[in-house]
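Q: Here you go, sequence then predicted model.
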Amino acid sequence: MLTYDLEKEKGRFLYEKLYSAIKRDIIARKIRSGERLPSKRALSEHLHISKVTVESAYARLCDEGICRAETKRGYFVSNALPPVATSSFDDVEADVGDRSGKREKYEIDFCSNAISSAQFPFSVWSHLMRSVILDYGCELLASSDKTGALILKRAICEYLLKTRGMNVLPEQIIIGAGSEYLYGLLSSLLPTGAVIGVEDPGYGAISKSYELSGKRVKYIPLDGEGISVFDLYASGADVLHISPGHHFPSGKITSSHRREEIGKWLCKDKKRLIIEDEYDTEFRQNGAYQMPLATIFPQRVIYLNTFSKTISPSLRIAYMVLPQDYLKKYNEKMGFLSCTVPAFEQYTLAKFIEGGYFERHIGRRRRELALIRELVMNAISTYFPPKKYRIEEENAGTHFLLCIECADEDGIRKNLERAGVHILFESDYTVECEKSRGKLIMNYTGLDKNEVDFAIKALSSAIFEK
């Protein structure tokens, strides 16, 4: 019989606690696929809770495709469960530069990108997995293209043309198991003496990957329009790794004028190269979408993107688009490398994109994030003292900066740690530039809408020691 202590976790409805506990056991395979769950009456009597509570928890599990209800038989765990993020720290951004992570578990986590099962299209993914086995069984057993499955690369080409205006060939696309893996490939692909400019503050895995391969890294500050062009010229960099569509952690979008200036820098020397790193531009709430630099300079820009942010952190599939000259260098230097993503996952993702499910998922996820952002903003205005804070880049889509006036950042860190609140600051991602103090990165992608009020109230209490 399933046994849970539902009183330990505060601030949530009882059925949500039960739902979460059962879901965790299913994901951890403590409850096996196809296994029958206890009846509503039996479980309610065992846990000393109402039948309505059990029924609500089971209904939510069924709505998300984790379980199924069979008439006069009961509730059963789904036979086909796709991989989901099982750890709050399986996160593409929060795992680098985290100076506050002293605990293994936090009561409230503003660093996680892990999505709930309600936000993952279980039923569609399960259907596509079965379809792939039926339609491509023999192909799945054969050796696939070393740069990735052709079916997925074709789907990505069509998606880039439709949404980015990028006209690329499947042969230009390299599939890899996550952005960090591709950073390593790029480090080996670039000339030995290359000087690489990176954004500061910025995602630490980028600079670490280049430094690990012996490349010289220059940290370039940002201003209100994006990366500083003055400092870019002064750095002597001949390669620029940049995220103009959505910078992390500031949330800034590089302005049109600054893009033109970066383009002029690129064209002044034929040896210069831009590595354009996109990861979640689809989720931005307001403002006109800026076409990638790769659309304007297709032979001078290497374009990177990942599905880890748009679908699930545990789906470790990323890709890069190489200009023809660099594709030739890649094939000569690294053509012996095999693709690091299983063919089964590649084929399933390809059908997910081809069938239009990916775009529908993006639309649904944008609406969910917009709702959560609104709840977060309302809760901040309720629980934070007026004139003690300000918000920057609230329309970034997945996070914004919460700036605390006259902040003692070290003191706030200690308070947050004691309160069990996990959150990072912009200064955690700054290396050489002057650090902005008291700017918290409000990443709300891992929050459930029912947890927002409780989380923001706890955050305010920890910061202002209420």
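A: Great, that's in hand.

Q: tell me the contacts of R29?
A: Shown in contact with R29 (Cβ atoms under 8 Å, 6 or more residues apart in numbering): no residues. Just so you know, the C-beta spots here come from the backbone N, C-alpha and C atoms, and that holds for glycine as well.

Q: Please tell me how far it sits from E35.
A: R29 is 10 Å from E35, where distance means Cβ to Cβ, to the nearest Å.

Q: all helices for the stretch 101-250 of the chain, in order.
A: Per DSSP state H, counting those that start in this stretch, the stretch 101-250 of the chain has helices spanning 122-141, 150-164, 179-189, 204-212, 229-235. These are given in chain order.

Q: State the mean pLDDT of the fourth one.
A: Yep, that's helix 204-212 we're talking about. Across helix 204-212, pLDDT averages out at 93.

Q: Give the buried residues for that helix.
A: For helix 204-212, a neighbour-count test (16 or more other Cβ atoms under 10 Å) marks 204-207, 209-210 as buried.

Q: what sits up against that helix?
A: Under the contact criterion Cβ under 8 Å, 6+ apart, helix 204-212 has outside partners 95-97, 179-180, 183-184, 186-187, 196, 198, 217, 219, 241, 277, 429, 431.

Q: Separate out the buried members of these.
A: Looks like the contacts of helix 204-212 have 96-97, 179-180, 183-184, 186-187, 196, 198, 217, 219, 241, 277, 429 buried, using 16+ other Cβ under 10 Å.

Q: Spit out the contact partners of S188.
A: By Cβ under 8 Å, 6+ apart, the residues touching S188 are 213, 333-334.

Q: which one of those residues sits closest to L369?
A: Using Cβ to Cβ, S213 comes nearest to L369 of the contacts of S188, at 35.3 Å.

Q: what about that closest one, how many neighbours?
A: Residues lying near S213 (other Cβ atoms under 10 Å) number 15.

Q: got a list of what it touches?
A: Applying Cβ under 8 Å, 6+ apart, the residues near S213 are 184, 187-188.

Q: buried ones in the strand with the most length in the chain?
A: Selection of the longest strand in the chain by residue count, based on DSSP state E, yields strand 216-223. Neighbour counts over strand 216-223 (16+ other Cβ under 10 Å) mark 217-222 as buried.

Q: Just name the closest of those to L304, please.
A: Nearest to L304 among the buried residues of strand 216-223: V217, at 17.1 Å, using Cβ to Cβ.

Q: Across the sheet, point out what pairs with that closest one.
A: According to DSSP bridges, the residues that bridge with V217 are I196.

Q: what residues are up against it?
A: The neighbours of V217, taking Cβ under 8 Å, 6+ apart as the test, are 195-198, 207, 210-211.

Q: and the gap between it and G245?
A: Counting by Cβ to Cβ, the separation of V217 from G245 is 22 Å.

Q: do G397 as well
A: Taking Cβ to Cβ, one finds G397 at 10 Å from G245.

Q: Likewise for Y429?
A: Per Cβ to Cβ, Y429 is found 18 Å from G245.

Q: and which of the buried ones among the contacts of helix 204-212 is nearest E171?
A: The closest of the buried ones among the contacts of helix 204-212 to E171 turns out to be L186 (Cβ to Cβ; 17.8 Å).

Q: what's across from the residue nearest to that closest one when sequence neighbours are not counted in the sheet?
A: Nearest residue to L186, sequence neighbours excluded (Cβ to Cβ, 6 or more residues apart in numbering): I275, at 6.5 Å. Beta-bridge pairing for I275 (DSSP bridges): H241, I302.

Q: List the contacts of I275.
A: By Cβ under 8 Å, 6+ apart, the contact list for I275 reads 186, 239-242, 301-302, 304.

Q: Repeat that for L371.
A: By Cβ under 8 Å, 6+ apart, the contact set of L371 is K449.

Q: Identify each buried residue in whichever helix or strand it is part of, please.
A: Assigned by DSSP states H and E, L371 belongs to helix 357-383. Buried residues in helix 357-383, counted by 16+ other Cβ under 10 Å: 357-358, 361-362, 365, 368-369, 372-373, 375-377, 379-380, 383.

Q: picking up where we left off before, if we only consider the contacts of I275, which is nearest to T310?
A: For the contacts of I275, the minimum distance to T310 (Cβ to Cβ) is 13.5 Å, reached by L304.

Q: residue contacts, the most centrally placed residue in the chain?
A: What sits nearest the mean C-alpha location of the chain, by Cα atoms, centre = their mean, is K309, with 2.7 Å. For K309, the contact set (Cβ under 8 Å, 6+ apart) comprises 92, 113, 279-280, 398.

Q: Please repeat the previous calculation with a cut-off of 10 Å.
A: 91-93, 113, 179, 246, 278-283, 315, 318, 398, 445 (Cβ atoms under 10 Å, 6 or more residues apart in numbering).
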